[in-house]
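**Student:** Here you go, sequence then predicted model.
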Amino acid sequence: MATTIPKEPLVVILGTTGTGKSDLAVDLALKFNGEVINADAMQMYKGLPIITNQLTPEEQKGVPHHLLGTVDPNEPTWNVEVFAREATRIIHEVRRRGKLPIVVGGTHYYIHALLFEDSLISMKGANDDILNHRPQKENITHFPILDGPTDVMFQRLREVDPDTADRWHPEDRRKIRRSLEIFLTTGRRASDIYTEQKQAKALSIQTRRPWQSLMFWVYAEPEGLKERLNKRVDKMYKNGLMDEVKLLHESRRVRSEQGEIVDLTRGVWQSIGYKQMESFLEAEQNETSPNEADQLRLAGLEDIKTATRQYARYQLRWIRHKTIPALKDYEAMDYLFLLDSSNADSFSASVLEPASRICLDFLNGHALAKPTEVSNTAREVLTAYDDDNSPPKVAFKVKTCDLCKVSLQSEDQWQKHIKGRRHYRAVRSKKWTALIPLDSEKES
């Protein structure tokens with residue numbers, strides 16, 4: 001693929017946790033006079049390098065790192081708009097110094113906001129300043145219905161925003177609550193806001209700038225990654241994970257005693273490693289027997305490993321369902337290069353070396369290799385994720401079968417249901433009942 005020398009080059013490194021993204025960022029920064037901008041929400045917190053898996057100063061090798069260990073743990077997680085604004089400002093400063101900005105991280109909705117100019121339009125909800133900066137408990141205090149039964153919330157949503165209600169399954173509590181929360185806190189219907197966002201996004205497409213971002217997806221085979229992540233948790237524990245966990249726990253205790261409400265659903269409290277150890281910490285404070293406390297500690301470590309693997313799967317789903325479709329929309333798939341880090345022993349040959357060659361060609365405006373030709377793994381994964389031939393999604397309103405008392409979320413589910421045995425029996429039963437005279441009981 002022929003390219004031109006990018007006037008505003010940007011290198012972006014994404015992928016699941018534990019694949020070596022940060023190491024690649026440092027290597028490219030050293031080779032191409034770059035500076036690194038962190039795009040991992042948890043690694044932004046200072047004083048907690050182990051629980052958030054930050055590179056040590058030695059591992060940074062003198063490369064300037066921005067937004068790494070700079071946010072106070074008592075602050076809430078930056079919303080996507082704040083991150084995009086600050087990261088963009090830093091990227092401009094790095095370029096003014098004649099250096100290459102390299103963004104790296106696993107908080108993919110942060111990266112999404114940087115890569116795609118119109119993403120904030122669709123990602124930002126109605127008056128997110130209200131929803132993101134006011135604790136959920138405060139919203140519940142103002143609107144008790146948000147903590148009530150799902151069916152009650154759903155009925156209320158049907159009354160105020162029937163178009164949005166038609167999109168959700170009657171038991172999808174999270175989506176129902178979010179949509180109702182938008183209306184209650186802003187006075188506007190989510191359906192109206194989404195329509196405005198869609199129109200604004202359509203307008204922004206007309207003013208898109210030429211694509212000038214090179215992306216590296218550091219990938220590892222799931223089975224091998226699982227073992228690697230387990231070992232990393234063990235290493236974190238040996239390096240002092242519990243010291244940071246106890247520090248957080250003590251901070252929470254002090255703040256609570258001072259009458260402050262600590263929202264455990266936001267900020268650093270959501271970091272993998274803290275909440276999994278809460279039972280153990282409580283047991284220690286309550287002077288539980290050493291044997292029971294040790295069992296809780298081991299169970300906590302296993303929970304950390306499980307949560308880490310689940311997070312890696314979530315990150316992978318984001319790339320597949322968000323990043324890749326957006327790149328196709330921008331016609332920029334030729335700039336996404338998958339690098340196979342499955343074998344840690346060949347990290348240099350499989351990741352660092354091809355990334356350097358590709359980056360050099362990109363910066364010099366040379367023709368780039370085809371992403372599917374970088375390696376067998378790249379070809380297999382990228383081809384598997386290429387769903388250009390799949391039929392377009394059709395908008396579908398949730399349908400409810402009154403006979404069977406079930407709600408279906410897709411046309412496929414609906415067709416399968418109405419052709420199934422359960423529905424057939426319900427229809428047959430209704431027909432049979434209809435044949436029985438209403439006064440049959442009196443006659444008997």
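**Tutor:** Yep, that arrived. It should be emphasised that the depicted structure is a prediction, and the values quoted were computed from it without experimental measurement.

**Student:** What count of nearby residues applies to Asn74?
**Tutor:** 13 (other Cβ atoms under 10 Å). C-beta coordinates here come from the backbone N, C-alpha and C atoms, glycine included.

**Student:** what's the spacing between it and Gln60?
**Tutor:** 25 Å (Cβ to Cβ, to the nearest Å).

**Student:** Next: Arg156.
**Tutor:** Counting by Cβ to Cβ - Arg156 and Gln60 are separated by 51 Å.

**Student:** Kindly report the same for Arg89.
**Tutor:** 21 Å.

**Student:** Tell me which stretches of the chain form strands.
**Tutor:** Secondary structure of the chain (DSSP state E): strands at 10-15, 34-38, 65-66, 100-104, 213-219, 336-340, 399-401, 406-408.

**Student:** so which of those strands gets nearest Leu247?
**Tutor:** strand 34-38 (21.2 Å; Cβ to Cβ).

**Student:** on that earlier part again, out of Arg89 and Gln60, which sits in the busier spot?
**Tutor:** Per other Cβ under 10 Å, whichever of Arg89 and Gln60 has more neighbours is Gln60, with 17 against 11.

**Student:** What sits closest to the more buried one if chain neighbours are left out?
**Tutor:** Using Cβ to Cβ, 6 or more residues apart in numbering and skipping the chain neighbours, the partner closest in space to Gln60 is Val26 (6.3 Å).

**Student:** what about Asp294, neighbour count?
**Tutor:** Counted with other Cβ under 10 Å, Asp294 comes out at 13.

**Student:** Can you read off the pLDDT for it?
**Tutor:** We have a pLDDT of 89 for Asp294.

**Student:** chain center to the biggest helix by length in the chain, what's the gap?
**Tutor:** Using DSSP state H, we find that the single longest helix of the chain is helix 290-318. Offset of helix 290-318 from its chain centre (Cα atoms, centre = their mean, to the nearest Å): 18 Å.

**Student:** shaky segments in the chain?
**Tutor:** 1-3, 118-140, 197, 200-209, 387-397, 409, 433-444 (pLDDT under 70).

**Student:** Quick one: the helices in the stretch 1-150 of the chain, in order.
**Tutor:** 21-31, 57-60, 80-96, 108-115, 119-123, 128-133, 136-142, 150-160 (DSSP state H, counting those that start in this stretch).

**Student:** got the domain boundaries for this protein?
**Tutor:** 10-117+208-384, 396-436 (automatic domain parsing).

**Student:** and of these, who's closest to Ala165?
**Tutor:** domain 396-436 (8.4 Å).

**Student:** picking up where we left off before, TSV for the helices of the stretch 1-150 of the chain, including distance to Leu14?
**Tutor:** Output for those, formatted as TSV (distance: least, Cβ to Cβ, whole Å):
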stretch	distance to Leu14
helix 21-31	7
helix 57-60	19
helix 80-96	14
helix 108-115	6
helix 119-123	14
helix 128-133	23
helix 136-142	29
helix 150-160	35
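
**Student:** Let me know which of the ones you listed is the nearest to Trp269.
**Tutor:** Comparing those under Cβ to Cβ, the one sitting nearest is helix 136-142, at 12.5 Å.

**Student:** if I look at Pro57, how far off is Tyr237?
**Tutor:** 21 Å.

**Student:** Is Arg173 in contact with Thr150, as I believe?
**Tutor:** Yes - Arg173 is within contact range of Thr150, at 4.5 Å (criterion: Cβ atoms under 8 Å).

**Student:** nearest spatial neighbour of Glu86, skipping sequence neighbours?
**Tutor:** Nearest one to Glu86, counting by Cβ to Cβ, 6+ apart, is Leu67 at 6.9 Å.

**Student:** Now for the one you found: which residues touch it?
**Tutor:** 37-39, 44, 83, 86-87, 90 (Cβ atoms under 8 Å, 6 or more residues apart in numbering).

**Student:** swap the cut-off to 6 Å and go again
**Tutor:** 37-38, 44 (Cβ atoms under 6 Å, 6 or more residues apart in numbering).

**Student:** Likewise for Cys359?
**Tutor:** By Cβ under 6 Å, 6+ apart, the neighbours of Cys359 are Leu28.

**Student:** buried sites along stretch 316-332?
**Tutor:** Residues of stretch 316-332 classed as buried by neighbour count (16 or more other Cβ atoms under 10 Å): 316, 318-319, 322-324, 326-327, 330, 332.

**Student:** from the residues you listed, which two are the most distant?
**Tutor:** Farthest apart among these - using Cβ to Cβ - are Leu316 and Tyr330, which lie 20.7 Å from each other.

**Student:** what's the neighbour count on the nearest residue to Ser191 once chain neighbours are set aside?
**Tutor:** Sequence neighbours aside, Asp163 is the residue nearest to Ser191 in space, at 3.9 Å (criterion: Cβ to Cβ, 6+ apart). By the criterion of other Cβ under 10 Å, Asp163 has 13 neighbours.

**Student:** Compute the distance between Asp163 and Phe83, please.
**Tutor:** 31 Å.

**Student:** now do Arg173
**Tutor:** For Arg173 relative to Phe83 (Cβ to Cβ), the value is 28 Å.

**Student:** which one of these two has more residues nearby?
**Tutor:** Set Arg173 next to Phe83 and count neighbours by other Cβ under 10 Å: Phe83 wins out with 24 against 15.

**Student:** Go ahead and confirm that one touches His112.
**Tutor:** No - between Phe83 and His112 there is no contact under Cβ atoms under 6 Å: 10.5 Å.

**Student:** Can you give me the distance of Pro49 to Ala87?
**Tutor:** Taking Cβ to Cβ, one finds Pro49 at 21 Å from Ala87.

**Student:** For Phe183, find the nearest of the domains of the chain.
**Tutor:** Comparing the domains of the chain under Cβ to Cβ, the one sitting nearest is domain 396-436, at 18.5 Å.

**Student:** Gln413: neighbour count?
**Tutor:** Neighbours of Gln413 (other Cβ under 10 Å): 15.

**Student:** ok, now Asp172?
**Tutor:** 17.

**Student:** swap in the one 4 residues further on?
**Tutor:** Using other Cβ under 10 Å as the criterion, Ile176 is surrounded by 26 other residues.

**Student:** so what's it up against?
**Tutor:** 153-154, 157, 168.

**Student:** could I get those residues as TSV with neighbour count?
**Tutor:** Shown next, in TSV, are the contacts of Ile176 (neighbours: other Cβ atoms under 10 Å):
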residue	neighbour count
Met153	22
Phe154	21
Leu157	26
Trp168	21
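
**Student:** Which single one of those residues is nearest to Phe347?
**Tutor:** Using Cβ to Cβ, these come closest to Phe347 at Trp168, 44.0 Å.
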